[in-house]
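K.L.:
Here is a sequence together with a model predicted from it:
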Amino acid sequence: MTEDFAHVRYLVDDVQAAVDFYTAHLGFTLRSSAAPAFADVVRGPLRLLLSGPASSGGRPMPDGEVPQAGGWNRIHLVVGDLDAEITRLRQAGVRFRNDVVAGPGGRQILLIDPAGNFVELFEPRR
């Protein structure tokens, strides 16, 4: 395994739908695919592992609990023009979880991938 990437695993319901989402809308490129169980996509130094229900990451825990997609953890993508990105993604039919939130460091919004995982788009304060 290369040290060139930060690795994040997202559990997804449909690996191909997740690959299509991240490559079409957020600038990731496909690194490898073993769909429907698993695929990984990269953007810069981020390697996003997309694990479907048939992957090792989706197997039940010893107590029987099954890992599920979604939750509040998220990847954080920095953008130069948040408003332009929101417009582009809305026109493409991407779903958002909230409206733009401004804070001391900049502005952000959460979008939702096909499995219910969050992606934060963040525009730093100038």
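P.N.:
Okay, I see it. Residues are numbered from 1 along each chain as shown.

K.L.:
can you give me the helices for the chain?
P.N.:
Along the chain, counting by DSSP state H, helices occupy 15-25, 82-91.

K.L.:
now for the last one, which elements pack on it?
P.N.:
Under the contact criterion of 3 or more Cβ pairs under 8 Å, 6 or more residues apart in numbering; DSSP states H and E, helix 82-91 touches strand 95-96, strand 106-112, strand 118-124. C-betas here are computed from N, CA, C, even on glycine.

K.L.:
mind listing what residue 120 touches?
P.N.:
74, 75, 76, 77, 108, 109, 110 (Cβ atoms under 8 Å, 6 or more residues apart in numbering).

K.L.:
Would you mind writing the PyMOL command to select the buried ones in those residues?
P.N.:
With 16 or more other Cβ atoms under 10 Å as the criterion, this PyMOL line picks the buried residues out of the contacts of residue 120:
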select buried, resi 74+75+77+108+109+110
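
K.L.:
I appreciate the help and will end here.
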